[in-house]
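1. Below is the sequence, then the predicted model.
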Amino acid sequence: RPSDTMALVALALFVSVCAPVRGDDDCALLSQSGASPAEMSECLLEQTTRRPSDTGAWLALGGHFHQNGETQDARTAYKNVIQLAPQSDEAAEAHLHLGVIHHSDGELKEALE
């Protein structure tokens with residue numbers, strides 16, 4: 001029926017326009033509200049998916065993974081920062097955190113690179 005079709009189209013349009021999309025500060029707000037590590041991972045991963053060239057988003061994701069003991073994922077996120085902007089302040093910070101991870105894992109030679 002045409003009226004049913006129109007109702008579905010209107011509903012789809014409403015959902016696409018009104019569905020919540022996380023903004024830049026949403027992960028910080030989520031963290032302040034006591035979100036679980038899984039919720040934070042989801043939010044931060046969503047940010048890097050939405051803005052894959054945002055070194056700040058990758059650095060935040062790396063920090064989250066590092067803080068939660070997920071060092072392999074943290075390494076990947078930090079390496080993305082370095083690859084995206086090798087001469088940036090964010091890359092310097094990513095190198096620092098990678099060094100800490102290598103040192104903690106007993107990889108002393110790699111920690112100095």
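-> Good, I have the coordinates.
2. use CA for all of it now, contacts and neighbours both
-> OK.
3. Out of the helices and strands in this protein, which is least certain?
-> Ranked by mean pLDDT, DSSP states H and E, the weakest helix or strand in the chain is helix 2-18, scoring a mean of 43.
4. Now the most centrally placed residue in the chain. Nearest residue, chain neighbours left out?
-> Against the mean C-alpha coordinate of the chain, by C-alpha atoms, centre = their mean, the closest residue is residue 44 at 2.9 Å. Spatial nearest neighbour of residue 44, chain neighbours left out: residue 61 (5.6 Å); criterion: C-alpha to C-alpha, 6 or more residues apart in numbering.
5. okay, residue 92: pLDDT?
-> With respect to pLDDT, residue 92 scores 95.
6. In contact with it: list those residues for me.
-> Counting by C-alpha atoms under 8 Å, 6 or more residues apart in numbering, residue 92 touches residue 82.
7. Now do the helices in this protein.
-> 2-18, 26-32, 37-50, 55-67, 71-84, 89-104, 108-111 (DSSP state H).
8. Deepest-packed of those, please.
-> Mean neighbour count, computed with mean count of other C-alpha atoms under 10 Å, is highest for helix 55-67 among those, reaching a mean of 22.
9. which helices and strands sit right next to that one?
-> Secondary-structure packing of helix 55-67 (3 or more C-alpha pairs under 8 Å, 6 or more residues apart in numbering; DSSP states H and E): helix 37-50, helix 71-84, helix 89-104.
10. Could you dump those into TSV with distance to residue 26 added?
-> Formatted as TSV, these follow (distance: least, C-alpha to C-alpha, whole Å):
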stretch	distance to residue 26
helix 37-50	8
helix 71-84	19
helix 89-104	21
